[in-house]
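**Q** based on what follows, work out the 3D shape:
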Amino acid sequence: MPINLSTVSIHAPPERSEPATDSSAAQKLGTALENLSSHPIFGSSDLIATPQVAEVYGVVKPMVAVNDSGAFISADPGAGKSSCLQVLQAFLTRDMPSLSSFIIPINQQQSTSIRAFYKNLLSILELSTNGETPDLRARTFTQLTYVGCESKIRKILLFLDEAHRMGITEFQFLKDVYNHLALHGVSLITIMAGQSPNLAARITELRTKGYEDIIGRFASREVTFRSFESEEDVRAVFDAIDAAASSDGRRWTEFFCPKAFANGFRLGSTANQFFRIWRAGVPVTMTSSFTARPFFRAIRYALVMLAGIDAETIVLPDEVFEDAILSSRLSEGANR
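**A** Residues are numbered from 1 along each chain as shown. Have a look, this model is predicted:
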């Protein structure tokens, strides 16, 4: 259960009469920080749907609805591709409850053997990876066919994360799965996400070598996944944090500054301030855009500092965002 920040201060503790070796004040401060860090914004199970993810969803949702496989997302490291796939999966599950979907992380080393390929799929399906290669193949096909046939819409969606790591052989193995399911009246739809420019280079290699059958099934349409570019992008995320609620009903911003929140303070009202401070620290040779990973890191720093200055009447000092942006290295992550 999140602690009530109105009863705990994370300011430096007052002077005490105990000897300097007494660590109770430090322990109390550490406990407060530990409880702050338990908030969902520090984890990965509760994700914010950014404007970028909403734009991608607007493209892939109709593709999934009409069984149009082959969407792929190519973006810079730290752009939030993996989180994007998780949010897409949650949205599609909400809007298409009969859709079965799985996120498949592609291993660092390419699966040059069919055995390794099927073992990876079986681990995601939470099935045994023991047995000879024909057993693994049969187990994979049987389970996916069963899942697809049990769905009233008879389709399965695979999200392929870190797809730039896939070799041609792995695409061929995946094509076998696609064709097997098609024989049983089940549509396999894939959405790939990978690092730029590696994923685009892999797709170009497939096309150059004449693998148009693979392109048509798994890489037929690139979906733009842009960086954060404007004050409006920042405000959309801040507003989402203001609106998000934990399991106990408490708003996320309220968790960190209950006094200010009760008196009307909202993180969204500081979007202009944040973007202004960030832009002032970016070299003129860089454009006004940044990726998700350092952005959310800056938000976490800012929220912890905000908890330390919570009051009924609060004017957020520039130093909070300046320190958060510096600590998160957000300006260093600006896109050239």
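
**Q** which parts of the stretch 201-336 of the chain are helices?
**A** Per DSSP state H, counting those that start in this stretch, the stretch 201-336 of the chain carries helices over the ranges 212-218, 231-243, 252-256, 258-262, 271-280, 292-308, 318-328.

**Q** list the buried residues for the fifth one?
**A** For helix 271-280, burial by neighbour count (16 or more other C-beta atoms under 10 Å) applies to 271, 273-275, 277-278. (Each C-beta comes from the backbone N, C-alpha and C, glycine too.)

**Q** Ile114: which of those residues is nearest?
**A** Nearest to Ile114 among the buried residues of helix 271-280: Trp278, at 48.2 Å, using C-beta to C-beta.

**Q** I figured that closest one hits Ser331, correct?
**A** Yes - using C-beta atoms under 8 Å, Trp278 is in contact with Ser331, at 6.6 Å.

**Q** overlap in contacts, those two.
**A** Common neighbours of Trp278 and Ser331, using C-beta atoms under 8 Å, 6 or more residues apart in numbering, are Ile325.

**Q** okay, which residue is most central for the protein?
**A** Centroid check for the chain by C-alpha atoms, centre = their mean gives Ser83 as the closest residue, at 1.2 Å.

**Q** just the helices in the stretch 1-150 of the chain please.
**A** For the stretch 1-150 of the chain, the helices defined by DSSP H, counting those that start in this stretch cover 24-36, 51-65, 81-95, 114-124, 133-150.

**Q** between the fourth one and helix 133-150, how many degrees?
**A** Relative orientation of helix 114-124 with respect to helix 133-150: 40 degrees, computed using axes from the mean of the first three to the mean of the last three C-alpha atoms, to 10 degrees.

**Q** from Pro62, how far out is Glu55?
**A** 13 Å (C-beta to C-beta, to the nearest Å).

**Q** more neighbours: which of these two?
**A** Ranked by neighbour count (other C-beta atoms under 10 Å), Glu55 and Pro62 place Glu55 first, with 13 against 9.

**Q** my read is that that one contacts Thr224, right?
**A** Yes - using C-beta under 8 Å, Glu55 is in contact with Thr224, at 7.4 Å.

**Q** rewinding a little: look up how far Trp278 lies from the residue nearest to the centre of the chain.
**A** 20 Å.

**Q** let me see the contact set for Phe295.
**A** By C-beta under 8 Å, 6+ apart, the neighbours of Phe295 are 228, 237, 328, 330.

**Q** what do you get if the cut-off is 7 Å, keeping everything else the same?
**A** Contacts for Phe295 were tallied using C-beta atoms under 7 Å, 6 or more residues apart in numbering; they are 228, 330.

**Q** could you check how far it is from Tyr301?
**A** For Phe295, the distance to Tyr301 (C-beta to C-beta) stands at 11 Å.

**Q** please apply the same query to Ala324.
**A** In terms of C-beta to C-beta, Ala324 sits 4 Å off from Tyr301.

**Q** these two: who's more crowded?
**A** It is Ala324, of Ala324 and Tyr301, that has more neighbours when counted by other C-beta under 10 Å, with 23 against 19.

**Q** so that one touches Leu303, yeah?
**A** No - using C-beta atoms under 7 Å, Ala324 makes no contact with Leu303, being 8.6 Å away.

**Q** okay, buried residues for stretch 129-139 please.
**A** Going by neighbour count (16+ other C-beta under 10 Å), the buried part of stretch 129-139 is 129, 136-137, 139.

**Q** host element of Leu157?
**A** Element membership of Leu157, judged by DSSP states H and E, is strand 155-161.

**Q** report all helices and strands that that strand contacts.
**A** helix 81-95, strand 100-105, helix 133-150, strand 187-195 (3 or more C-beta pairs under 7 Å, 6 or more residues apart in numbering; DSSP states H and E).
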